[in-house]
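In: Show me how the following folds:
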Amino acid sequence: MEETNERTVTEETSERTVAEETSGSTVTETNESPVAETETIQTAPDAVKEARKHFSKLGLMYFLGTLIIQALQYGTLALVKHIRPEWLEDPNISIVLMILPMYLLGMPALIALVKQVPAEKIEPRHMKGGHFALSVMMGYAVMIVSNIAGLIVTVIISLVKGGLVQNEMVNLTSSANVLLLFFFTVCCAPLYEEYIFRKLIVDRTVRYGQGVAVLTSGLMFGLFHGNFNQFVYAFSLGTFLAFLYVKTGKLKITVGIHMIVNFVGGVLVPSLLKLLNFDRYFEIVRDGMDTDALMAYYMDNLWGWMIYFCFMLCVFGVVVAGGVLLIVSLVQKKFRFDKGRVSIPKGKRFSTVILNLGMLLFTVTWILMIALQLFA
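Out: Next comes the predicted model:
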């Protein structure tokens, strides 16, 4: 794309800490971005037009990738239902049939499509181990708080429509094999999702400013999950991870945090809940809450409850600490975004980034799928 911008550039190289933009001191970085914070960029109308075309192509590639993934998943399920319908009664087989085609064929096809869109390299910057731990706490706090918010809205919608909002993937994973969940949610998902929704998107949108890149990454990542509750926390966590990536240029940082979050929520929590033997508890409730039976239940599962209580105390501590760090960082305005080498004028950013053919196809498709999940 030809540059039509007239720029006044002040060259500067400065050592600073991205932790000052996230937690007070997280990442030491050398500011060598194409556009320094003191640059003045004048954007000509044709540059905005080129930006809209760029986002449209990016959205179109993700939309086509979405179609391929959905076709592979539902095509595989339809084929198995026709040949071996009894397999679909096993939650482990159902998960494999839904996820394996996506990881083996769908996502590689999506990656190949997106790579046709021009990208810019983000220079890697150092992050210390202690600062990584602080980022983990903040990321986990973001996920927990936004998950609670999503659950509250989902419950309200359930009450309004007079029935539970169903989430088929959650229903499947609740009774799936722990090792299978570990492989897919901890090993595979963070690697694929961080590459596709962090690196590929941010590298292709950072030219328009770090803020644009971070929000685009978070939005598309959230929508891709296809249900409202996951959208809320995936958007929030995805935005935070995109911020870390745009400031460090290191995907291993966001992959590591994503793996930890998925391990705790997708593997550790379900494993701990199994120690509590809730099936027996609900059986007692259905039978009238007999006091002797209830006391026997608690005594039989005492160690499970003690372990779960200690775990919840740890979660509470991490969420409080991470939340405090986030609030302090926000109050002190440490979440700062550098300008890109192409500036989209205020008032035209939403229309430029979202209101184009490709991005509309992607966003509207996923919004409809989320609405269907909520009200079906």
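In: How about the contacts made by the spatially closest residue to I93 that is not a sequence neighbour?
Out: Excluding its sequence neighbours, the residue lying closest to I93 (Cβ to Cβ, 6 or more residues apart in numbering) is W87, at 4.7 Å. From N, CA and C alone the C-beta is placed, and that goes for glycine too. The contact partners of W87, by Cβ atoms under 8 Å, 6 or more residues apart in numbering, come to V80, I93, S94, L97.
In: Out of those, list just those in helices.
Out: Among the contacts of W87, DSSP state H puts V80, I93, S94, L97 in helices.
In: Let me know the distance separating V206 from S236.
Out: Distance of V206 to S236, computed by Cβ to Cβ, to the nearest Å: 20 Å.
In: Look at those two and report which has more neighbours.
Out: Per other Cβ atoms under 10 Å, whichever of V206 and S236 has more neighbours is V206, with 29 against 22.
In: what about the residue lying closest to that one once chain neighbours are set aside, how many neighbours?
Out: Leaving aside its chain neighbours, V206 sits nearest to A213 (4.3 Å; criterion: Cβ to Cβ, 6+ apart). Using other Cβ under 10 Å, A213 has 26 other residues around it.
In: mind checking which helix or strand A213 is in?
Out: Per DSSP states H and E, A213 falls inside helix 210-224.
In: where are the low-confidence patches of the stretch 151-300 of the chain?
Out: 171 (pLDDT under 70).
In: All the strands of it, residue numbers only.
Out: Under the criterion DSSP state E, counting those that start in this stretch, the stretch 151-300 of the chain carries no strands.
In: all helices for it, in order.
Out: 168-173, 178-181, 189-194, 200-205, 210-224, 228-248, 251-263, 269-275, 278-286, 291-300 (DSSP state H, counting those that start in this stretch).
In: Can you spell out which helices and strands pack onto the longest one?
Out: By that I understand helix 228-248. If you count contacts as 3 or more Cβ pairs under 8 Å, 6 or more residues apart in numbering; DSSP states H and E, helix 228-248 packs onto helix 19-22, strand 27-30, helix 129-161, helix 200-205, helix 210-224, helix 251-263, helix 357-375.
In: do the same with the fifth one
Out: Secondary structure elements in contact with helix 210-224, counted by 3+ Cβ pairs under 8 Å, 6+ apart, are helix 45-83, helix 200-205, helix 228-248, helix 349-353, helix 357-375.
In: Need the residues that contact stretch 88-95.
Out: L77, V80, K81, W87, L97, L172, T173, S175, A176, N177, L180, F184.
In: Let's have these in CSV, adding distance to Y298.
Out: Shown next, in CSV, are the contacts of stretch 88-95 (distance: Cβ to Cβ, whole Å):
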residue, distance to Y298
L77, 41
V80, 43
K81, 43
W87, 39
L97, 39
L172, 30
T173, 27
S175, 24
A176, 27
N177, 28
L180, 31
F184, 34
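In: Go through those residues and name the one nearest P108.
Out: F184 (16.2 Å; Cβ to Cβ).
In: Could you measure from that closest one over to F263?
Out: From F184 to F263 the distance is 12 Å (Cβ to Cβ).
In: So if I had to pick from the two, which one is more boxed in?
Out: F184 (21 against 17).
In: With only the CA atoms kept, save stretch 71-79 in PDB.
Out: The C-alpha trace of stretch 71-79 is given here as PDB (Å, rounded to 0.1, in the frame of the first residue of the first chain):
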ATOM      1  CA  ALA A  71     -18.300 -27.500   7.400                       C
ATOM      2  CA  LEU A  72     -15.700 -29.900   8.600                       C
ATOM      3  CA  GLN A  73     -17.100 -30.200  12.100                       C
ATOM      4  CA  TYR A  74     -20.800 -30.600  11.100                       C
ATOM      5  CA  GLY A  75     -19.900 -32.700   8.100                       C
ATOM      6  CA  THR A  76     -17.900 -35.100  10.300                       C
ATOM      7  CA  LEU A  77     -20.700 -35.300  12.800                       C
ATOM      8  CA  ALA A  78     -23.400 -35.900  10.100                       C
ATOM      9  CA  LEU A  79     -21.300 -38.700   8.500                       C
END
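In: Perfect, that will be all.
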